[in-house]
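In: Have a look; sequence and predicted model below, questions after that.
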Amino acid sequence: MRAVEFHEYGTPDVLKAVDVETPEPGPGQVTVDVAYAGVNFADLKARADGYRVEALPCRPGLEVSGRVRALGEGVTGLTPGQEVTAFLPGGGYAEVVRAEATATVPLPRGLDLRTAAALPTVLPTAHALLHEVGRLRTGETVLVHGAAGGVGTVAGQLARAAGAGTVYGVASTPAKARYALKHGYDEVFTPDDFAAGVHRATGGKGVDLILDPVGGETLRQGLGALALYGRLVSFGNASGAAPWQAGVPELGAWGRSVSAFTILGLAQTAPDELRALTGRAFAKAADGTVSLPVTAEFPLEEAAEAHRLMGGRTSTGKLLLRVAG
């Protein structure tokens, strides 16, 4: 079968199309004939920096849509030919993938394979950030970094649908800000002045909930932009900054809190909850509450071009690889 791998770390040029053996499912697993594979920032970090790479060669790809090819021993509730999405620890850039049955979800009525391929990582992540971890309540104010990205696009819509009072975003360019304003955001700040923008927009009160995939100094400034009893949820460290600690001196006087979420971690520690979370999140796409535009699509063999586009920080929405769409 066809697949895309890298055998060394580096620029997008290290991604190469290869012919490899077709996998078979083990106990509790399925194989899926892939229609589309999602492209995520974690794929770029794996290729460039070895993020979560156990060994080389490595095949990126955390999410796919397609049809069940075969069932492993003990798998129930899925059937060959059934349209599904699958969340993977890696390996999605391929014609056939092997996935845990617990991470394989039938498509809800009304979702096609192309639309569904954009959802397995970003929609459950956004749902968890706002609800399961962030505990968003009606009327609260929300600030989302990366408002024009995949998670940001659906987070703005989910927050609005949940009754948030005001939804603020942070985007790096005017074009991204215009995009975000079409997807649930009331006002969008630049990364350099978001804290000042929050204080101006809220009359000095701050926001109740911040979603931060950047980390480092951005997270540090975010703490100061929180309201009384405000919560900050970290879901990445795109800045690459060294970890730092916040404790009672930084948080206690205002009753602020910091928490974290990674969908990769949830898949490893609580796969049944991941499946339940995915079902709750996908329902929001099936009923039209949220949509995630696919803004660029590339053939599987052109995965390097998808990485270049995302790495250039000009992309919005979701990028896909077309495998057998």
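Out: Good, I have the coordinates. Quick caveat: nothing in here was measured; it's all calculated off a predicted structure. Numbering: from 1, shown residues only.
In: Low-confidence stretches in this protein?
Out: Low-confidence regions of the chain, defined here as pLDDT under 70, cover residues 325.
In: Pull the residues that contact the longest helix seen in it.
Out: Secondary structure of the chain read by DSSP state H shows that its longest helix is helix 271-286. Helix 271-286 is contacted by residues 85, 87, 100, 102-103, 105, 108-111, 115-116, 119-120, 123-124, 126-128, 132, 158, 161, 263, 266-267, 290-292 when judged by C-beta atoms under 8 Å, 6 or more residues apart in numbering. (Glycine included, C-beta is placed from N, CA and C.)
In: again, but for stretch 126-133
Out: 136, 142, 151, 154-155, 158-159, 162, 209, 211, 233, 235, 259-261, 263, 266, 277, 280-281, 284.
In: From the residues you listed, list just the buried residues.
Out: Burial of these was assessed by neighbour count (16 or more other C-beta atoms under 10 Å); the buried members are 136, 142, 151, 154-155, 158-159, 162, 209, 211, 233, 235, 261, 263, 266, 277, 281, 284.
In: These in helices, which ones?
Out: Among those, the subset assigned to helices under DSSP H consists of 151, 154, 155, 158, 159, 263, 266, 277, 281, 284.
In: Reformat the residues you listed into CSV and put distance to residue 69 next to each item.
Out: Below are those laid out as CSV (distance: C-beta to C-beta, whole Å):
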residue, distance to residue 69
151, 29
154, 29
155, 33
158, 32
159, 37
263, 24
266, 25
277, 25
281, 25
284, 28
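In: Now the two most distant members of those.
Out: Based on C-beta to C-beta, the longest span within these runs between 159 and 266 and measures 20.5 Å.
In: Name the residue most distant from the centre of this protein?
Out: The outermost residue of the chain, judged against the average C-alpha position, is residue 253 (32.6 Å), by C-alpha atoms, centre = their mean.
In: my read is it is in a helix, agree?
Out: Yes - counting by DSSP: H, G, I helix; E, B strand; the rest coil, residue 253 is part of a helix.
In: For residue 198, see how far away it is.
Out: Distance from residue 253 to residue 198, counting by C-beta to C-beta, to the nearest Å: 18 Å.
In: Over to residue 244?
Out: Distance check for residue 244 against residue 198: by C-beta to C-beta, it reads 21 Å.
In: How about residue 38: what's its closest non-neighbour residue?
Out: Counting by C-beta to C-beta, 6 or more residues apart in numbering, residue 63 is the residue found nearest to residue 38 once chain neighbours are left out, at 4.1 Å.
In: Would you check that that neighbour makes contact with residue 86?
Out: Yes - using C-beta atoms under 8 Å, residue 63 is in contact with residue 86, at 7.1 Å.
In: what residues are shared contacts of the two?
Out: Taking C-beta under 8 Å, 6+ apart as the contact criterion, the residues that touch both residue 63 and residue 86 are 92, 120.
In: Can you show me the CA trace of the strand ranked longest in the chain as CSV?
Out: Among the segments of the chain that qualify as a strand by DSSP state E, the longest is strand 29-39. Coordinates of each C-alpha in strand 29-39 appear next as CSV, following Å, rounded to 0.1, in the frame of the first residue of the first chain:
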residue,chain,number,x,y,z
GLN,A,29,-8.4,-3.5,16.7
VAL,A,30,-9.8,-2.7,13.3
THR,A,31,-8.2,-1.8,10.0
VAL,A,32,-9.6,1.1,8.0
ASP,A,33,-9.4,1.9,4.2
VAL,A,34,-8.6,5.5,4.5
ALA,A,35,-10.5,8.1,2.5
TYR,A,36,-9.0,11.3,4.0
ALA,A,37,-6.3,12.0,6.6
GLY,A,38,-6.2,15.1,8.7
VAL,A,39,-3.0,17.3,9.0
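In: returning to what we had before: could you give the angle of the longest helix of the chain to helix 150-161?
Out: For helix 271-286 and helix 150-161, the angle between their directions (axes from the mean of the first three to the mean of the last three C-alpha atoms, to 10 degrees) works out to 70 degrees.
In: what's the next secondary structure element after helix 271-286?
Out: Toward the C-terminal end, the helix or strand that comes next after helix 271-286 (DSSP states H and E) is strand 294-299.
In: Now do the following helix or strand past that following strand and strand 294-299, the angle between them.
Out: Counting by DSSP H and E, the element after strand 294-299 in chain order, helix or strand, is helix 303-311. Per the same axes, to 10 degrees, the angle that helix 303-311 makes with strand 294-299 is 160 degrees.
In: Buried by neighbour count: which residues of helix 303-311 qualify?
Out: When burial is assessed from 16+ other C-beta under 10 Å, helix 303-311 yields the following buried residues: 303, 304, 305, 306, 307, 308, 309, 310.
In: Name the nearest residue to the first one, ignoring sequence neighbours.
Out: Leaving aside its sequence neighbours, residue 303 sits nearest to residue 4 (C-beta to C-beta, 6+ apart; 4.6 Å).
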